[in-house]
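*Asks:* Fold the following for me, if possible:
(2 chains)
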Amino acid sequence: AQKITQTQPGMFVQEKEAVTLDCTYDTSDQSYGLFWYKQPSSGEMIFLIYQGSYDEQNATEGRYSLNFQKARKSANLVISASQLGDSAMYFCAMREGRNSGYALNFGKGTSLLVTP
Amino acid sequence: GAVVSQHPSWVICKSGTSVKIECRSLDFQATTMFWYRQFPKQSLMLMATSNEGSKATYEQGVEKDKFLINHASLTLSTLTVTSAHPEDSSFYICSASIGTAGNTIYFGEGSWLTVV
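*Replies:* The predicted structure follows:
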């Protein structure tokens, strides 16, 4: 069963506008972590933001914020004031378990295009 | 700067030959590293978990004799694609966690493998 679901294959947003990328997850673990990565055409995976399952506050990192709704099992990424350089693939991922010994499960990704 | 370094970034090899990809953690020790494979326009799929000083744990469907993983030190894991075939052409990328909490996971730059 798919553990991470990203339902938006592609999204458009105008420069300077905000955009929300959806992510829902499925786990029976109480302890887990949620990640968002940006992948430009070069292929590198750029870490954007992390949310722990026990974190009560939504995570924020500059223009990125994570809208964490635990009961709904959603972890949407909000990018504020979009820039042309934000055009890329965005992946939501989950680490089940408590520590660094656990791998990430990735969603299928959302392709974001920022237009002038 | 990069905290996980992967080399080579690009490699072209002939069918039947072997190719080695290195993944290094810079300025930190990584007991566990992970190897992923990504086909064009698809998500990252976990191939194996690389554990320092012990055998790698392979995901179902990944041939361990074909994709040899060695994690000989706390800063280096290698993936060797043996007897490569064109269908092995793909993007391979490694990751490692800083610390044991599992909330800071960085990826290498990735390696594009083309088998001709």
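
*Asks:* Which residues of chain A lie near chain B?
*Replies:* A:33, A:35, A:37, A:42-45, A:47, A:50, A:52, A:91, A:95, A:97-109 (Cβ under 8 Å from any Cβ of the partner chain). No exception for glycine: its C-beta is placed from N, CA and C like everyone else's.

*Asks:* now do 10 Å
*Replies:* Applying Cβ under 10 Å from any Cβ of the partner chain, we find that chain A lies next to chain B at A:4, A:6, A:9, A:31-35, A:37, A:39, A:42-47, A:50-52, A:55, A:89, A:91-93, A:95-109, A:111.

*Asks:* Which ones among the residues you listed lie within strands?
*Replies:* Those of the residues of chain A next to chain B mapping onto strands are A:4, A:32-35, A:37, A:39, A:46-47, A:50-52, A:89, A:91-93, A:95-96, A:104-106, A:111, per DSSP state E.

*Asks:* and A:Gly43, what does it touch?
*Replies:* When contacts are counted by Cβ atoms under 10 Å, 6 or more residues apart in numbering or on different chains, A:Gly43 touches A:89, B:9, B:38, B:91-93, B:107-112.

*Asks:* make it 7 Å
*Replies:* In this structure, A:Gly43 makes contact with B:91, B:110, B:112, judged by Cβ atoms under 7 Å, 6 or more residues apart in numbering or on different chains.

*Asks:* with those residues in mind, which one is nearest to chain A?
*Replies:* Distance to chain A, by Cβ to the nearest Cβ, is smallest for B:Gly110 among the contacts of A:Gly43, at 4.3 Å.

*Asks:* Work out which residue lies at the spatial centre of chain B.
*Replies:* A centroid search over chain B (Cα atoms, centre = their mean) returns B:Trp35, at 3.8 Å, as the residue closest to the centre.
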